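Asker: Just to be clear, the model below is a prediction. Sequence and coordinates:
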Amino acid sequence: MMPSTTRSSSRFYLLSVIFFIGFAALIYEIYSVQVLFMFFVNNTHAVSIAISSFLAGLAVSSIAFSWYVGDRAHNLRIIFWMQLAAAIYGAFILHRVDLVPALLDIIYSHVETPATIELLKVGLMWMFLFVPAFFIGGALPLINGLYMQQHETGTRDTGVVYFWDMLGAILGALLAGFLFLPKLGIYWTSLIPVAINLLICFACVTSRRTLAWAILFTFVIIGALTYQKISRDSDQPANPLDKNFGKIVFQKESPFGRITVGDTQFSRRLFINYRAMCDENSGRYSEGQLGKILSALVKPAERGLNIGLGCGTTAASMAMFGAFKQLDIVEINPVVKEAAERYFDKANHDVVRAPHVNTMIANGAEYVRTNDQIYDAIAIDIEEVNIIYSSPLYTKEYFDIIKTRLTPNGVLGVWSFEVNDDFSKVMYNTLKASFEHVVLFPTLSANLYFASSKPIDKFPLVTEPKYLERQRIILGNPNKGINTLNYKLLEKYYNVGRIFGLPSDYTEPFFTPNKP
C-alpha cells in the first residue's frame, strides 16, 4: 500500500495540475472575448460567442475523454498530448490575431447576403474558440479519475477537483482582465497560457519519449515566435529603415510595437515601429486644426474627449482653444503616453499633466462602446483604419455609438489621411450614414471631418483653390459605399507602404494586409 505521505503528495500534484489548467483556460477565454470585441459591435454577441463556444468545447471534451479514464500513466499521457495541442493552437492560431480579419475577408469576398455573412462570421468565431477549449476540457474527468480514492468518497473527491479547477479559472480570469491585458496587451497575454500549457506538459511527462516531444515542441514554439518577433520588430542597425529615425532619443518596446522618438532632419518625430505617427510641429498643421476647429464649434462646452494621444498636439489644441471644464484623453499604448510626456511636452504644452485633463490607458473603441459618459466634442486622431483594434472606430456601427455619446449639439471630429478620392468619399459616406450633418475640411496632407446631429455653424470657410477642388471632387464622387464591421471598405483603398513610404511587403502585428 502506498504510504499516506506519498498519497498526499500525489493528490496535491493532481490538484496543482488541474488548477493551472483552469488558470490557463480562463486566460484564453478573457483574451478571446477581447479579440471578439474588435469584430462585433454588440458586446453581448461577443460574450455569447466566447462563452458558448468555450463551454461547448469543455463539455464535449469532458464527455469524450471520460470514456478513456485509465491508470495514472494512461491519463497523464492523454493530458500531456491535449496540453501540447492547446499550446500549439494557442501559439500559432489564437496568438495570430491577424488571421481573424484575413478569414473574415474570405467570407466577405465570396458571400453577398448579409444574413449569411453574419451566420458564417459567428460560426467561424465559434469554431475558433471551440478548438482550444476541447483540448483543455478533457483534463477534468481524467484528473478526477486519478484523484478519487474509493467509490464511497467519490462525490467529495469530485467536488475537491472541481473546486481547484474553478479556483484556477477564477484567478486566471481576474489576472487576465485586470493585469495581463491592461499591462501587457493582447499580443503577450495570449502567450502566457501557452507557456503554462507547456509547463503542464513537462509536469505530465510519463516517459523519455514524451519528455523528448515536450522539449522538441517547446523549442519549435519558442523558435517560431522569436523568428516572427525579430522579423516584425527588428531593431538591428542593419535595417535600412532605421535611418528614418534620425538621432534616436528614446526607444522602448510596448504591447503594440516598438516606440521610437527620433530627431530627424526636419523635426522630432514619434514612430510606432517604422511608421511616423506625428511630430513636434503637428500642432501647427492638421492635428492642431482638428482640435482648434472642433473646440470652436462647441464652445462653451463642459467635456471633451480625444481618442489617440500621439504627440499630444490635438489634445493640446482642444485644451488651449476649448472652454472644456474636463478633457479626457484615451490612448491604448502606455509607452506613447510616456513619450508624449517626456519628449513632446513643449509641443503639446504639457497637456497630459494639466489639472483639467484626465488621461486613460484604454482601447478607444472599447471605451466609447462601454462608457456612457456624454461629451460636447469627441476627436478621433488615430490615423490608421487598418489597425485591428482601432479599425472599428471608423465603421458606421461605431459612429452610431459615438452619436449616442454626444450632447444634442455635440460634434465629432475625425482626422484622416487623404489617401485617395474613393477613400475620402467612403469616409464621408460612412459619417453621413450616422449623422445628419457632415462637413469636410481639406488640409495639406489630411482631411478633417466634422459630424453632428445639428447644423454645424461657425465653420471656417475653405478658400484655397486646391482645397476647394479636392472638396468638390470628393463630394461629387459617385462612390456610394460605406464602411461597416462586416465590410471594411476603407481598407480596400488603404496601403500602409504607400502612405508611410515603406516597402510594399511591410507587415506588423495587428495589421490587416496591405491592399493593392
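Answerer: Yes, it's here.
Asker: need the contact list for residue 425.
Answerer: Applying C-beta atoms under 8 Å, 6 or more residues apart in numbering to residue 425 gives the contacts 474, 475, 477, 479, 481. (Each C-beta comes from the backbone N, C-alpha and C, glycine too.)
Asker: what is the mean pLDDT for stretch 218-238?
Answerer: Mean per-residue pLDDT for stretch 218-238: 71.
Asker: ok, which stretches of the chain are strands?
Answerer: Using DSSP state E, the strands of the chain run over 247-254, 257-263, 268-272, 275-279, 303-307, 326-331, 357-361, 375-380, 406-417, 437-442, 446-452.
Asker: so which of those strands comes closest to residue 501?
Answerer: For the strands of the chain, proximity to residue 501 was assessed by C-beta to C-beta; strand 275-279 is nearest, at 8.7 Å.
Asker: pull the helix or strand with minimum mean pLDDT from this protein.
Answerer: The weakest-scoring helix or strand in the chain, judged by mean pLDDT, DSSP states H and E, is helix 99-110 (a mean of 76).
Asker: Now do that helix: distance to the chain's middle.
Answerer: 18 Å (C-alpha atoms, centre = their mean, to the nearest Å).
Asker: Just the buried ones from the contacts of residue 425, in ChimeraX syntax?
Answerer: To isolate the buried ones among the contacts of residue 425 in ChimeraX, judged by 16 or more other C-beta atoms under 10 Å, type:
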select :474,477,479
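Asker: got JSON lines for the contacts of residue 425, with pLDDT and distance to residue 281 too?
Answerer: Shown next, in JSON lines, are the contacts of residue 425 (pLDDT from 0 to 100; distance: C-beta to C-beta, whole Å):
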{"residue": "474", "pLDDT": "85", "distance to residue 281": "26"}
{"residue": "475", "pLDDT": "84", "distance to residue 281": "29"}
{"residue": "477", "pLDDT": "77", "distance to residue 281": "31"}
{"residue": "479", "pLDDT": "77", "distance to residue 281": "33"}
{"residue": "481", "pLDDT": "89", "distance to residue 281": "34"}
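Asker: and the two most separated of the contacts of residue 425?
Answerer: Farthest pair in those (C-beta to C-beta) is 475 and 481. Separation: 14.9 Å.
Asker: What is the burial count for residue 259?
Answerer: 22 (other C-beta atoms under 10 Å).
Asker: Give me the pLDDT for it.
Answerer: Listed pLDDT for residue 259 reads 92.
Asker: what residues are up against the closest residue to it other than its chain neighbours?
Answerer: Closest residue to residue 259 apart from its sequence neighbours, by C-beta to C-beta, 6 or more residues apart in numbering: residue 335 at 4.4 Å. The neighbourhood of residue 335, defined by C-beta under 8 Å, 6+ apart, consists of 252, 253, 254, 259.
Asker: Show me the shaky parts of the protein.
Answerer: Scanning the chain for pLDDT under 70 picks out 1-9, 41-43, 149-154, 229-239, 383, 509, 512-516.
Asker: Now for the residue nearest the centre of it: which residues touch it?
Answerer: Centrality entry for the chain: nearest residue to the mean C-alpha point is residue 389, 3.6 Å, by C-alpha atoms, centre = their mean. The contact partners of residue 389, taken as C-beta under 8 Å, 6+ apart, are 38, 186, 256, 332, 363, 365, 510.
Asker: same thing with residue 140?
Answerer: Contacts here follow C-beta under 8 Å, 6+ apart; on that basis residue 140 touches 18, 58, 62, 161, 162, 165.
Asker: Kindly write the PyMOL command that selects the buried subset of these.
Answerer: Command for PyMOL that selects the buried part of these, burial taken from 16+ other C-beta under 10 Å:
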select buried, resi 18+58+62+161+165
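Asker: now, which of the contacts of residue 140 sits nearest residue 112?
Answerer: For the contacts of residue 140, the nearest to residue 112 is residue 58 (35.6 Å; C-beta to C-beta).
Asker: Was I right to think the closest one contacts residue 136?
Answerer: Yes. Contact criterion C-beta atoms under 8 Å: residue 58 and residue 136 qualify, at 6.6 Å.
Asker: Show me whatever sits in contact with both of those two.
Answerer: Common neighbours of residue 58 and residue 136, using C-beta under 8 Å, 6+ apart, are residue 25.
Asker: what's the burial count for residue 169?
Answerer: Using other C-beta under 10 Å as the criterion, residue 169 is surrounded by 20 other residues.
Asker: Could you report the neighbour count for the nearest residue to it once chain neighbours are set aside?
Answerer: Using C-beta to C-beta, 6+ apart and skipping the chain neighbours, the partner closest in space to residue 169 is residue 22 (3.9 Å). Residues within reach of residue 22, counting by other C-beta under 10 Å, total 24.
Asker: ok, now the one 4 residues further on?
Answerer: Here the neighbour count serves as a burial measure; for residue 26 (other C-beta under 10 Å) it reads 23.
Asker: From the chain's centroid, how far away is the helix ranked longest in the chain?
Answerer: The helix that spans the most residues within the chain, counting by DSSP state H, is helix 4-36. Computed by C-alpha atoms, centre = their mean, the chain-centroid distance of helix 4-36 equals 26 Å.
Asker: which other helices and strands contact that helix?
Answerer: Packing partners of helix 4-36 (3 or more C-beta pairs under 8 Å, 6 or more residues apart in numbering; DSSP states H and E): helix 43-65, helix 72-89, helix 114-137, helix 139-147, helix 154-175, helix 181-189, helix 191-203.
Asker: Show me how the protein divides into domains.
Answerer: 4-232, 243-275, 281-496 (automatic domain parsing).
Asker: mind checking how far the residue lying closest to residue 357 once chain neighbours are set aside is from residue 369?
Answerer: Of all residues not flanking residue 357 in the chain, residue 327 sits nearest, at 4.8 Å (C-beta to C-beta, 6+ apart). According to C-beta to C-beta, to the nearest Å, residue 327 and residue 369 sit 21 Å apart.
Asker: Then residue 395?
Answerer: As judged by C-beta to C-beta, residue 395 and residue 369 stand 11 Å apart.
Asker: So for the two, which sits in the more crowded spot?
Answerer: For residue 395 versus residue 369, neighbours defined as other C-beta under 10 Å are more numerous around residue 395 (25 against 20).
Asker: Nice, that's everything, thank you.
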